[in-house]
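Undergrad: For reference, the sequence and a predicted model appear below.
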Amino acid sequence: MPERIIQPYEERSFIAPAILSIAVVIAVGVGAYYFYFSNSQPQYRSVLTELDASSLPVSFERILAAQRPLDQLKREPCDREAIIPLAELMTKSGYPRESAKSAIKFSERCGPSVELFQLAYEALDRLGDFKGAVNIANEMIKLDQANPDYRFWRGQSHENLKNYKAALSDYVSTLQLFRNLSRVSLSQFYEVSRMYAAIGRPCDAITPLEMYLSYDVARRQTAQITKLISEYAIQGDCRAQHAAGSDKIILPPNNIVEVVVNGVRGRMVLDTGATMVAITPSFASRAKIIPDDQNMMTVGVVGGTIQSAPGYASVIQVGKTSAANVPVAVSTGRDDAYGPDIDGLLGMTFLARFVLTISSGTVELKPRTL
């Protein structure tokens, strides 16, 4: 009988079965993957499309933390308890653009939400989409006119866009919406100061810093602030026009004093809580003050807010004192906003230029040294 070569037992027993086993495992794995992929891909795609977030990869849908809010929104498209954690997860997972778009789309479909707008603003700011951030801030302001945070955020976005006039109006509005200026931090006044400098008005940049000092000179006067004021004064050659004259004026119980603005006499309430000198539209017209209607500001008042436009008074006189080029706020609407026969408020854009002492029915004004 001819001899033949017989394969070793190991090869016949292990190699072929092993290859077969590996092939089976691969086939099962591939099958399972495609089964999962085919079933997971369309599961929440409709939800994400409705949220304008269809650009998210399918892998996002597989995140366990995403599946619960997605499932909730699939059943209840306007479930606010679901959209907020979902938008937060999008940002955390590296998809801030989709997070912002989802928040905006949900608000359009189901009604505005300040919390969602905040998430969208933060996402767009992170991406450097400052125009988009301004639009979101506009929506937040519509929902709450008296919230200083929203004005400040919009001001930051305007500043990043180098729209310094608009940023200035928002930063001033931020100050005007605080109830107690004496408790506001230096940083808020400094933002206003920087914007005045940015638009080429270094003399005006001094006033916010003086305003901050005026509420507690002994504690707040620092070498840094003194140096900054001095630099602005030199840059704008401000000393001659900033403040002049001293006087002690009788202050009646209603705090109404006679004021001359650009040669026009008026009656104003002396108000250390008012950020700016504020005047009525008719008085602004008589004093030939042109309001900048393109950069409106918001002022907090008892019972709500009023809109005003920035302007400048060439000179304001109270008794024997005077100040030149004073920023003012021209209110919109009624001429009796400050009371019958009252032309406005004598606020801190004038008063902060002086050392102010109020006692025994008098107010004493002495010009600050720059």
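TA: Sure, I can see it. Numbering: from 1, shown residues only.
Undergrad: I'd like to know how many residues surround the residue nearest to Asp292 when sequence neighbours are not counted.
TA: Sequence neighbours aside, Pro310 is the residue nearest to Asp292 in space, at 4.9 Å (criterion: CB to CB, 6 or more residues apart in numbering). In this view, the C-beta of every residue, glycine as well, is placed from N, C-alpha and C. The tally of other residues near Pro310 (other CB atoms under 10 Å) stands at 20.
Undergrad: just Arg109 next, same as before
TA: Residues lying near Arg109 (other CB under 10 Å) number 12.
Undergrad: Lys101 now?
TA: 22.
Undergrad: That one - nearest residue in space that isn't next to it in sequence?
TA: Using CB to CB, 6+ apart, the nearest residue to Lys101 is Asp52, at 4.4 Å.
Undergrad: What segments of the stretch 151-300 of the chain are strands?
TA: 247-250, 256-261, 264-270, 277-279, 297-301 (DSSP state E, counting those that start in this stretch).
Undergrad: out of the ones you listed, deepest packed?
TA: Of all the strands of the stretch 151-300 of the chain, strand 277-279 carries the top mean neighbour count, a mean of 29, counting by mean count of other CB atoms under 10 Å.
Undergrad: Verify the stated contact: the residue nearest to Asp292 with Asn295.
TA: Yes - counting by CB atoms under 8 Å, Asn295 is a contact partner of Pro310 at 6.1 Å.
Undergrad: Which residues are in contact with each of these two?
TA: Leu168, Ser169 (CB atoms under 8 Å, 6 or more residues apart in numbering).
Undergrad: Now do the contacts for Ser157.
TA: Counting by CB under 8 Å, 6+ apart, the residues that Ser157 touches are Asp125, Phe130, Lys131, Ala133, Val134, Ala137.
Undergrad: any weak-confidence spans in the chain?
TA: 1-42, 302-303 (pLDDT under 70).
Undergrad: Go again with 50.
TA: Applying pLDDT under 50 to the chain flags the ranges 1-14, 16-18, 20, 23-25, 27-28, 30-41.
Undergrad: and the spatially most central residue of it, how far is that from Val301?
TA: Centroid-nearest residue in the chain, with CA atoms, centre = their mean: Trp153, separated by 1.6 Å. As judged by CB to CB, to the nearest Å, Trp153 and Val301 stand 22 Å apart.
Undergrad: Could you do Lys288 as well?
TA: 26 Å.
Undergrad: Let me see the ranges of the helices in the stretch 251-370 of the chain.
TA: Per DSSP state H, counting those that start in this stretch, the stretch 251-370 of the chain carries helices over the ranges 281-286, 348-351.
Undergrad: quick one: contacts for Gln224?
TA: Gln224 touches nothing, counting by CB under 8 Å, 6+ apart.
Undergrad: and the residue nearest to Lys101, that one's in a strand?
TA: No - read with DSSP: H, G, I helix; E, B strand; the rest coil, Asp52 is coil and lies in no strand.
Undergrad: Surely Leu168 is in contact with Asn295?
TA: Yes - Leu168 is within contact range of Asn295, at 7.3 Å (criterion: CB under 8 Å).
Undergrad: sorry, back to before: of the contacts of Ser157, closest to Pro252?
TA: Ala137 (42.0 Å; CB to CB).
Undergrad: Next, work out how far apart the closest one and Leu161 are.
TA: For Ala137, the distance to Leu161 - CB to CB - is 12 Å.
Undergrad: Would you mind telling me which of the two has more residues around it?
TA: Between Ala137 and Leu161, Ala137 has the larger neighbour count (other CB under 10 Å), namely 28 against 14.
Undergrad: Wait, that one touches Phe152, no?
TA: No - the criterion here is CB under 8 Å, and Ala137 misses it with Phe152 at 9.2 Å.
Undergrad: and Thr275, how many residues sit next to it?
TA: Using other CB under 10 Å: Thr275 sits among 30 other residues.
Undergrad: residues touching it, list them.
TA: Val172, Leu175, Gln176, Leu181, Met211, Val299, Gly347, Met348, Thr349.
Undergrad: do that again at 6 Å, thanks
TA: Leu175, Gln176, Gly347, Met348 (CB atoms under 6 Å, 6 or more residues apart in numbering).
Undergrad: ok, and what's touching stretch 276-288?
TA: 261-262, 264, 266, 326, 328-331, 335, 343-345, 347, 349-350.
Undergrad: between those, which has the most around it?
TA: Neighbour counts for the contacts of stretch 276-288, by other CB under 10 Å, peak at Ala329, which reaches 31 neighbours.
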